[in-house]
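**Q** pasting the sequence and the predicted model now:
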Amino acid sequence: MKLASLKHGRDGRLVVVSRDLSRAVAASSAAPTLQAALDDWARAEPVLRGLSDALNGGGVEDEFPFEASACAAPLPRAYQWCDGSAYVTHVELVRKARGAEMPPSFWTDPLMYQGASDRMLGPSDPIEAVSEDHGIDLEAEIAVILDDVPMGVSPADAAGHIKLLTLVNDVSLRALIPAELSKGFGFLHAKPASSFSPVAVTPDELGTAWRGCKIHLPLESWVNDAALGCPNAGVDMTFDFAQLIAHAARTRRLGAGTIVGSGTVANADAGVGSSCLAEKRMRETLETGAPVTPFLAFGDRVRIEMRDSHGSSIFGAIDQQVIGPNGFAGQRDTALGAVR
């Protein structure tokens, strides 16, 4: 089934969405919000599935057209947001970009940071930035949403706690990262609010593309309608989601509604492109000696989407514009070109 949170108050209003993303129905009979449903998933899930079956089986009387632009993030505010770096080839490239060596342990022990989750952005909400000099970058990712996870859970048992999957734009401010990490205490300013796809889906919606706790489908990214990349999320994922969850729960319980991200989806094959500009710039540097592609500027648009084997959108699209102070949005002369 597919779930979304329409903008309403701080936590949204839970709706069930049809498989083709065209229609929706209120889910108040199951739970008022997605967080409330996750808190009582054993009771809420069968009710939500009943609504989903009815909606996809011919419709229900009180259905209405689904509009992605009306959506908040599936969890507009979450109790916990832990983002991993499961695609180690990406980590290796980005660290090269700032002249940092990658420890060998990164191939055996997941890298993860705990981000701010008090305000998650909806799929059409603008990316608000203070300055273009901060190196504004997108990071196209996949994330899982969990129910209650016990401390010390094994990877084998962790898989059963994945209730929903969604797409993420984990916005990064590249120019701020080196100084923050040099303090040895992690990100803060360099990681502003993350953005999420309109819809979160249960794993069964992915069919055979969901196996081994990975999604084996391309994740597409565009900047100003120019394709950035379409790496396959099931390829070169060093740590699957079960391993990431077990890592996050090693010394603590994870509360229902915890979101765990994959990190930037990346493939070793440069021909499929990139899911972030830092990686693209690093590949350019390795090829020509200097980056060509600029980071995002005010007025730029970012789009992230995943399609099934038939070409249908699974989660809907993250489609955002970058804006500066007071909503300022410049315009580029060409895609990824100079700002005027």
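**A** Yes, it's here.
**Q** run through the stretch 1-150 of the chain and note the low-pLDDT ranges.
**A** 97-98 (pLDDT under 70).
**Q** in it, mark out all the strands, start to finish.
**A** In the stretch 1-150 of the chain, the segments counted as strands under DSSP state E, counting those that start in this stretch are 2-6, 13-17, 23-26, 64-65, 81-84, 112-115, 127-128, 136-137, 140-146.
**Q** what's the closest of those strands to residue 192?
**A** Nearest of the strands of the stretch 1-150 of the chain to residue 192, taken as Cβ to Cβ: strand 127-128 at 7.3 Å. Where you see a C-beta, it was placed from the backbone N, CA and C, and this is true even at glycine.
**Q** who does that closest one touch, helix- and strand-wise?
**A** Judged by 3 or more Cβ pairs under 8 Å, 6 or more residues apart in numbering; DSSP states H and E, strand 127-128 is in contact with strand 318-323.
**Q** burial of residue 160, as a residue count?
**A** Residues contacting residue 160 under the criterion other Cβ atoms under 10 Å number 13.
**Q** next up, the contacts around the nearest residue to residue 323 once chain neighbours are set aside.
**A** In space, and not counting its chain neighbours, residue 323 is closest to residue 126: 4.5 Å by Cβ to Cβ, 6 or more residues apart in numbering. Contacts for residue 126 were tallied using Cβ atoms under 8 Å, 6 or more residues apart in numbering; they are 320, 321, 322, 323, 327.
**Q** mind doing that once more with 7 Å?
**A** Residue 126 is in contact with 320, 321, 323, counting by Cβ atoms under 7 Å, 6 or more residues apart in numbering.
**Q** need the strands of the stretch 1-150 of the chain in CSV (columns: mean neighbour count).
**A** Listed next are the strands of the stretch 1-150 of the chain as CSV, based on neighbours: other Cβ atoms under 10 Å:
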stretch, mean neighbour count
strand 2-6, 26
strand 13-17, 24
strand 23-26, 20
strand 64-65, 10
strand 81-84, 24
strand 112-115, 17
strand 127-128, 18
strand 136-137, 26
strand 140-146, 27
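**Q** do you know which of those strands lies nearest residue 173?
**A** Nearest to residue 173, of the strands of the stretch 1-150 of the chain and by Cβ to Cβ, is strand 136-137 at 6.2 Å.
**Q** list the contacts of the closest one.
**A** Contacts to strand 136-137, defined as Cβ under 7 Å, 6+ apart, come from residues 129, 172, 173, 174, 276, 277, 278, 295, 296, 322.
**Q** give me the number of neighbouring residues for residue 206.
**A** Neighbours of residue 206 (other Cβ under 10 Å): 17.
**Q** which residues of the protein fall in helices?
**A** With DSSP state H as the criterion, the chain has helices at 34-39, 41-56, 88-97, 155-158, 177-182, 241-248, 277-288.
**Q** figure out which of those is closest to residue 233.
**A** Closest of the helices of the chain to residue 233 is helix 241-248, at 10.5 Å (criterion: Cβ to Cβ).
**Q** strand 140-146 and the closest one, what's the angle between them?
**A** Counting by axes from the mean of the first three to the mean of the last three Cα atoms, to 10 degrees, helix 241-248 lies at 70 degrees to strand 140-146.
**Q** what is helix 241-248 packed up against?
**A** On a contact count with 3 or more Cβ pairs under 7 Å, 6 or more residues apart in numbering; DSSP states H and E, helix 241-248 meets helix 155-158, strand 259-261.
**Q** what's the closest of these to residue 53?
**A** strand 259-261 (26.4 Å).
**Q** average pLDDT for that closest one, rounded please.
**A** Regarding strand 259-261, the rounded mean pLDDT is 98.
**Q** buried sites along it?
**A** Applying a neighbour-count criterion of 16 or more other Cβ atoms under 10 Å, one finds 259, 260, 261 buried in strand 259-261.
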